[in-house]
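Novice: Sequence and predicted model, in that order:
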Amino acid sequence: MKDLKYLIEFENLLEDADNRLVREAQEEGGFAIGYTCYHMPEVLLNVDKCFSVRMRAPRTGSIDISTYYMSNYTCEFARALLERGIEGGYQFLDGIAGVDACSAMNRCYEHLEILDCNSKPHFFVTHTDVPYKVEDYNVEQVASQMRLRVLDVMKERLGVDVSDEAIRKAVEEHNEMCRIMTEIGDMRKLDNPPVTGYEYHVLCLVSYCCPTAKILPYLRETLEEIKKRALDPKPWYRARVAVVGSEIDDLGFTKLLEENGAFVVADRFCYGSIPGREVIELNDTEDVVIQIARHYMKTSECPRYMADYKVAQRRTTVDRIAREYKADGIIYEAMKYCDFWAFERPLASHILTEEYGWPTLSVDRSYAVRSSGQLRTRFQAFVEALEIKRIQKQKEA
Amino acid sequence: MKYFGGCDVGSTYTKAVILDENGKMVANTTMKSKINAEESARLAMAEVISQVPGLKSERDLAYLIGTGYGRNKVAFADENISEISCHAMGVHVTNPSVKAIIDIGGQDVKGIAIDTDGTVKNFAMNDKCAAGTGRFYEAMARSFEMTLPEFSKLSLTAKNVIPITAQCTVFAESEVITLVGEGKPMDEIAAGIQMAVAKRCFVMAKKAGATDSITLSGGCAKNEGLKAAIEQVLKLKVVELSVDPQLMGALGAAEFARQKGLAKKA
């Protein structure tokens, strides 16, 4: 297939946290609010002149300084963010909206604040609680946290309009972006798809890391381009895989998989689209923040939710998407020292293999995989095993 | 007669095998890897080709498959296959009754469960760290001022095992030097090292789902002390292979080449 018109442009946007579109938006009077987690509804950070930037640590090298502050045995993602913060990589942010989801990220936020990693006078770091269950009283509690600790703080520090009207407007824009991403994402279900998993990962990341209003025109055009894209006569992949797990903002991970013939058909990982790019349905009767809080809590697949129904939801979701996207196998991945996925990954991958019958590969990984020979070998061996099984099944049929 | 090649470019040793149409091994070699993987592959292939009358270059092979750490660098190969699949196939053609492998190479340890047709059923592999691998043993032998073969036999005479807590090459070397300095018996320290690595192998084997009929492959399969320690932790006798276990990756690659080459011809 011919390269997408904006692929290189998108890749360039992901080379820096304060990319060209972020800078443009700020020059026009916008405020960049950093966040790291699905538990923080990005739409609430997109009201009025504010725009959300999901924080990444591109160009991360050694993470020794953050390791000094946070110790060896903490999530590498949190450490990489702190390292970039110490290096001045988040000077552009006007605020950070954090969640008390995991202790490593809490410590990252805390150090970003204590170590004065941002010198803007109005800069703020705020935190909200995240419950372990999704019950009506939890939804109300989360909504109240969002008002008190996010919206009110943004209004007070930045003087922005956080009215229900402003929130609804942000949801409308968000929904348009979600519809585009879903339409492109659904094309991955085709046997000979017009988009690769790598390209979709790039699109997904720019949708998280750029101001929505700025990236939307590019995404609209890319959707039309993909719809008309001339396909290769035969699919390029050797096996189809669903990737499930913790945070992946490293394009190298998807690239490595696809270089070894594994088409990433479904992205059920943090910074992926499942969940993340579903339309938020709002009614006109209930409080808008409560509706948004409920949407994020119900769609969340985070292993921090420990209630039985959430544990079951995570397994059935993986099984469902693997079937819907016609995956041959599932890759469970976890960032090294991720508190929650350290439990979820081995257990869920075992259950998906033994009880649901899916071939699975379970990997733990560093924040940036780069040239990991071992990971390359594991991916290739998994693809070879899936391919052989599929050929054998076809022969039997 | 057509010939088929497999070239396993490992991080420390490069191995090559040539099979004839009937699957008989007609040539093989094992040589120290160069820093340049492509050069290693060329030298190994030149060596095996020189062993088969009538073959002049790798172009005379009907099909050639590259495998191992440097598999992408075997530029003249028809394709490359991961060493996990190749070790499984190599062991399967050598002894079809074997159900699992512990492969200890130069920089990684793998547990591989084999299906009845020689394909991979399941596998587990260490991450970046090279603890308990060939590189680790090279460092340990250096600390003992011994050759690898001498070191591999040292633990067999030990009456006790002195536990080694570190498997990181750097920390283990430091721990060993301390123990030697304290005057502890060398063979007992060596037994501790072998036991530590054997435990790591146990984990990989169990993660891959290995239960019985297990063999060892890779260069470290020749380490007698390690083999004894693995048998102790697994509580079973590992299956001896009739072919050099270090050649299993190259043999598997050559067997895949034979199957693919013959299928292509048909």
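Specialist: Everything's here; your move. Numbers count the residues shown, from 1 in each chain, chains lettered A, B, ... in the order given.

Novice: what residue of chain B is the furthest out?
Specialist: residue B:182 (34.3 Å; Cα atoms, centre = their mean).

Novice: low-scoring stretches of the chain, by residue?
Specialist: Just so you know, I chose chain A. Confidence mapping of chain A against pLDDT under 70 gives the ranges A:370-371.

Novice: switch to chain B, that's the one I care about
Specialist: Looking at chain B by pLDDT under 70, you get B:127-130, B:166-167, B:169, B:265-266.

Novice: next one: the helix of greatest length in it to chain centre, how far?
Specialist: Longest helix in chain B by number of residues, with DSSP state H as the criterion: helix B:186-208. Offset of helix B:186-208 from its chain centre (Cα atoms, centre = their mean, to the nearest Å): 16 Å.

Novice: can the helix or strand just after it be found next to chain A?
Specialist: Downstream of helix B:186-208, the next assigned helix or strand under DSSP states H and E is strand B:214-217. No: Strand B:214-217 does not reach chain A (Cβ under 8 Å from any Cβ of the partner chain); its nearest approach is 14.5 Å. Using the backbone N, CA and C atoms, a C-beta is placed for each residue, glycine as well.

Novice: Distance-wise, check residue B:205 relative to residue B:235.
Specialist: Residue B:205 sits 12 Å away from residue B:235, going by Cβ to Cβ, to the nearest Å.

Novice: which of these two has more neighbours?
Specialist: Using other Cβ atoms under 10 Å in any protein chain shown as the criterion, residue B:205 and residue B:235 rank with residue B:205 on top: 24 against 7.

Novice: Tell me, how many residues neighbour the closest residue to the more buried one other than its chain neighbours?
Specialist: Sequence neighbours aside, residue B:111 is the residue nearest to residue B:205 in space, at 4.3 Å (criterion: Cβ to Cβ, 6 or more residues apart in numbering or on different chains). The number of residues packed near residue B:111 is 25, by other Cβ under 10 Å.

Novice: Name the SS class of residue B:111, please.
Specialist: Following DSSP: H, G, I helix; E, B strand; the rest coil, residue B:111 is assigned to strand.

Novice: Kindly provide the distance from residue A:74 to chain B.
Specialist: 17 Å (Cβ to the nearest Cβ, to the nearest Å).

Novice: nope, residue A:350 is what I meant
Specialist: 10 Å.

Novice: Does the residue nearest to residue B:205 touch residue B:200 like I think?
Specialist: No: in this structure residue B:111 lies outside contact range of residue B:200 using Cβ atoms under 8 Å: 10.0 Å.

Novice: before we move on, back to that, distance of the residue nearest to residue B:205 relative to chain A?
Specialist: Applying Cβ to the nearest Cβ, the value for residue B:111 to chain A is 12 Å.

Novice: Which residues are in contact with the nearest residue to residue A:325 once chain neighbours are set aside?
Specialist: Leaving out its chain neighbours, the residue that sits closest to residue A:325 by Cβ to Cβ, 6+ apart is residue A:265, at 3.9 Å. Counting by Cβ atoms under 8 Å, 6 or more residues apart in numbering or on different chains, residue A:265 makes contact with A:188-189, A:193, A:197, A:240-242, A:325-327.

Novice: again, only this time at 6 Å
Specialist: Under the criterion of Cβ atoms under 6 Å, 6 or more residues apart in numbering or on different chains, the contact list for residue A:265 reads A:188, A:240, A:325, A:327.

Novice: Separate out the buried members of the residues you listed.
Specialist: Buried by 16 or more other Cβ atoms under 10 Å in any protein chain shown: A:188, A:240, A:325, A:327, out of the contacts of residue A:265.

Novice: Tabulate those in TSV, adding columns for secondary structure.
Specialist: As requested, these are exported to TSV (three-state DSSP):
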residue	secondary structure
A:188	helix
A:240	strand
A:325	coil
A:327	coil
